[in-house]
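>>> Please find the sequence and the predicted model below.
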2 protein chains.
Amino acid sequence: MAITEYPSRLLENAVNEFASLPGIGRKSALRLVMHLLRRNDADVERFGESIIRLKKEVHYCRVCNNISDTETCSICSDTNRNNALVCVVENIRDVLAIENTGQFRGLYHVLGGIISPMDGIGPADLRIADLEKRVAAGGISEVILALSTTMEGDTTNFYLYRKLSPYNVSVSTLSRGVAIGDELEYTDEITLGRSIVNRTPFEGGRQQ
Amino acid sequence: MAITEYPSRLLENAVNEFASLPGIGRKSALRLVMHLLRRNDADVERFGESIIRLKKEVHYCRVCNNISDTETCSICSDTNRNNALVCVVENIRDVLAIENTGQFRGLYHVLGGIISPMDGIGPADLRIADLEKRVAAGGISEVILALSTTMEGDTTNFYLYRKLSPYNVSVSTLSRGVAIGDELEYTDEITLGRSIVNRTPFEGGRQQ
């Protein structure tokens, strides 16, 4: 259904705004806007305000570039965390994903992207100089590169590895292999191949 | 991925608001909010404002209850339309759907729902009295009931038919049958059965 004419400009504006979001077409946008129209005034105002305030008032941590309500984010200012361990990620969603595992108690460094010549993103567009400064300042023993397993991710990994090699810091990456719960039959051949080459010793019942 | 802790209250608020919309989970909500964060300030402010303004400033047409920027909607105030013909629909999306066909040049009446005892919606919750008043005022020759083909829709049709029977107005409903482009094999048996019972004369190459 190609919606050509709306009975209201206000409706049209709101639909256009929702339809500008990724993965939301005009029909879904209309459904969302209709839903908002049925809510009460205070609810809808809070919705709109939350978006405006987020953009206006949000900070990015001056240490790790993570999203924050304060100058330094809650992770960087948490004294219970291991500040000798820094995990380098592409974006904030990766921070949330790793935090959700509950397996990492170090700090982060959010690059804001990965090196991608096709998209015109070079090292200077990312927070790489800041990372180098953090490492140069000392106190960091290990940098974990947790970037995408794509060609761009590999390129960025290699670039970062070269940048950090002058410093006394060990550089690691996430282990690659068959995902837990996956059936071998459906694992792609590159992942399966690498997981054979990089096989790990069997540790009783609990295998990493 | 169950996201438990956000690094920012502002982020969390915005994610919560998006996740409160139908069909948007917390993961999609985060993706949408992250997208907004990458846009420029003016864009995001316009997004938020469009929602707040829509809810605050929108009108519902005093004649047909359609959404409108003015007291009377653009359809009701269009003198080129046939105001003797009124199409009764459940909601505003149905108005848009019928307008998109380009096949109807009459006016509408938006009920705001259908009679549904299960959801606690009775005739008094809908714009039925208004419809009766419009018909009683005269000038309307035909009322087309364009409601859902569900039990609730059928109930509402019957209720409206009874309400309108004292007036000199013909009442019709949309034709039911096999959808254009559908294969018989995949048409449900009730629709197929009705379409045989209510078969129409074959009009040369062009069949309704």
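Ah, there it is. Residues are numbered from 1 along each chain as shown, chains lettered A, B, ... in the order given.
>>> only C-alpha atoms for contact and neighbour calcs from this point on.
Will do.
>>> In stretch A:161-173, which residues are buried?
Using 16 or more other Cα atoms under 10 Å in any protein chain shown as the test for burial, stretch A:161-173 gives A:161, A:164, A:169, A:171.
>>> tell me the secondary structure for A:Cys87?
What DSSP: H, G, I helix; E, B strand; the rest coil gives for A:Cys87 is strand.
>>> can you list the domains in chain A?
Structural domains assigned to chain A are A:9-57, A:79-207, following automatic domain parsing.
>>> In chain A, which residue sits closest to chain B?
Nearest residue of chain A to chain B, counting by Cα to the nearest Cα: A:Gly48, 4.1 Å away.
>>> Counting by contacts, list what the helix or strand harbouring that residue packs against.
Per DSSP states H and E: A:Gly48 is located in helix A:41-57. Using 3 or more Cα pairs under 8 Å, 6 or more residues apart in numbering or on different chains; DSSP states H and E as the contact definition, the elements that helix A:41-57 packs against are helix B:9-19, helix B:26-38, helix B:41-57.
>>> Next, the contact list for the residue found closest to A:Asn157 once you drop the neighbours it is linked to in the chain, please.
Nearest non-adjacent residue to A:Asn157, counting by Cα to Cα, 6 or more residues apart in numbering or on different chains: A:Leu145, 6.6 Å away. By Cα atoms under 8 Å, 6 or more residues apart in numbering or on different chains, the contact set of A:Leu145 is A:87-89, A:157, A:171-174.
>>> go on, A:Thr72?
A:Thr72 sits in contact with A:60-63, where contact means Cα under 8 Å, 6+ apart.
>>> hang on, the earlier thing: how about JSON lines for the helices and strands packed on helix A:41-57, with mean neighbour count and mean pLDDT added?
JSON lines is the format used below for the helices and strands packed on helix A:41-57 (neighbours: other Cα atoms under 10 Å in any protein chain shown; pLDDT from 0 to 100):
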{"stretch": "helix B:9-19", "mean neighbour count": "20", "mean pLDDT": "93"}
{"stretch": "helix B:26-38", "mean neighbour count": "17", "mean pLDDT": "91"}
{"stretch": "helix B:41-57", "mean neighbour count": "19", "mean pLDDT": "92"}
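>>> of the ones you listed, which approaches B:Thr70 most closely?
Smallest distance to B:Thr70 across the helices and strands packed on helix A:41-57 (Cα to Cα): 9.5 Å, for helix B:41-57.
>>> where in chain A is pLDDT low?
Scanning chain A for pLDDT under 70 picks out A:1-4, A:200, A:202-208.
>>> hmm, 50 instead?
Within chain A, the stretches with pLDDT under 50 are A:1, A:205-208.
>>> ranges for the helices of it?
Under the criterion DSSP state H, helices of chain A are mapped to A:9-19, A:26-38, A:41-57, A:92-101, A:128-136, A:151-164, A:189-197.
>>> Now render those helices as a markdown table, adding distance to B:Arg53.
What follows is the helices of chain A, written out as a markdown table (distance: least, Cα to Cα, whole Å):
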| stretch | distance to B:Arg53 |
| --- | --- |
| helix A:9-19 | 7 |
| helix A:26-38 | 11 |
| helix A:41-57 | 9 |
| helix A:92-101 | 31 |
| helix A:128-136 | 42 |
| helix A:151-164 | 43 |
| helix A:189-197 | 51 |
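>>> Between all of the contacts of A:Leu145, which two are separated the most?
Farthest-apart pair in those is A:Val89 and A:Val171; separation 13.5 Å (Cα to Cα).
>>> Name all residues that make contact with A:Thr187.
A:Val178.
>>> whoops, A:Tyr60 was the one
A:66-73.
>>> Find the nearest non-adjacent residue to it, please.
Nearest one to A:Tyr60, counting by Cα to Cα, 6+ apart, is A:Ile67 at 4.6 Å.
>>> can you check A:Arg127 too?
Per Cα to Cα, 6+ apart, closest to A:Arg127 is A:Leu111, 4.8 Å.
>>> I'd say that neighbour and A:Ala129 touch.
No. The criterion here is Cα atoms under 8 Å, and A:Leu111 misses it with A:Ala129 at 9.9 Å.
>>> And the two? Which one has more around it.
Per other Cα atoms under 10 Å in any protein chain shown, whichever of A:Leu111 and A:Ala129 has more neighbours is A:Leu111, with 24 against 15.
>>> how about that one, what does it touch?
A:65, A:88-91, A:126-128.
>>> how about CSV for the residues you listed, with neighbour count added?
CSV is the format used below for the contacts of A:Leu111 (neighbours: other Cα atoms under 10 Å in any protein chain shown):
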residue, neighbour count
A:Asn65, 21
A:Val88, 24
A:Val89, 23
A:Glu90, 22
A:Asn91, 19
A:Leu126, 17
A:Arg127, 18
A:Ile128, 21
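>>> Farthest-apart pair in those, please.
Spanning the widest gap among the contacts of A:Leu111 are A:Asn91 and A:Ile128, at 13.1 Å by Cα to Cα.
>>> Need the max-distance pair from the buried residues of stretch A:161-173.
Spanning the widest gap among the buried residues of stretch A:161-173 are A:Tyr161 and A:Val169, at 10.2 Å by Cα to Cα.
>>> rewinding a little: relative to B:Ala42, which of the helices of chain A is closest?
Across the helices of chain A, closest to B:Ala42 is helix A:41-57 (Cα to Cα), at 9.5 Å.
>>> how big is the angle separating that closest one from helix B:9-19?
Here helix A:41-57 runs at an angle of 140 degrees relative to helix B:9-19 (axes from the mean of the first three to the mean of the last three Cα atoms, to 10 degrees).
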